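Student: Show me the folded form of this:
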Amino acid sequence: MRSLGIAAAAFAVVAVLGACTWVKTTPAGDTVRVASAADVTACERKGKVTVSLRNRVAGVERKPTKVAEELATLARNEGAGLGGDTVVAETDVSEGSQVFGVYDCRP
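Tutor: Below is the predicted model of the structure:
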């Protein structure tokens with residue numbers, strides 16, 4: 001019975017941690033938007049970034065939507081450093097990693 005309580009407590013901790021947003025947008029990243037490939041046809045490509053994070057916490061897989069959201073945030077932060085104002089996902093999320101193209105779409 002006691003081990004059941006410990007397991008339930010451990011599951012609750014992992015569930016709460018899995019819902020947390022650990023990645024924050026930097027002030028520079030706030031100026032970068034996430035767009036589709038169709039949105040950047042008239043933009044200047046600045047490069048690409050590969051971003052990654054942990055997609056498992058304590059052996060439990062995190063929500064795919066949360067992982068994708070945090071990867072986009074990391075890409076925005078990195079894209080600003082390359083002089084871009086827009087990032088576009090170029091690959092699907094794979095094991096906590098994703099590639100984004102960085103573009104400057106300013107007139």
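Student: tell me how far the host helix or strand of V67 is from the chain's mean position?
Tutor: Counting by DSSP states H and E, the secondary-structure element that holds V67 is helix 64-81. Using C-alpha atoms, centre = their mean, to the nearest Å, we find the averaged C-alpha position of helix 64-81 to lie 3 Å away from the chain's own average C-alpha position.
Student: Mind listing what's buried along that helix?
Tutor: For helix 64-81, burial by neighbour count (16 or more other C-beta atoms under 10 Å) applies to 66-67, 70-80. C-beta: built from backbone N, CA, C; applies to glycine.
Student: out of those residues, who's nearest E95?
Tutor: V67 (9.7 Å; C-beta to C-beta).
Student: Not counting residues beside it along the chain, what's closest to the closest one?
Tutor: Nearest in space to V67, with sequence neighbours left out and distances taken as C-beta to C-beta, 6 or more residues apart in numbering, is N55 at 5.0 Å.
Student: Count residues in the vicinity of that neighbour, would you?
Tutor: 19 (other C-beta atoms under 10 Å).
Student: At the geometric centre of this protein, which residue do we find?
Tutor: Most central residue of the chain, judged by C-alpha distance to the mean C-alpha position with C-alpha atoms, centre = their mean, is L71 at 1.2 Å.
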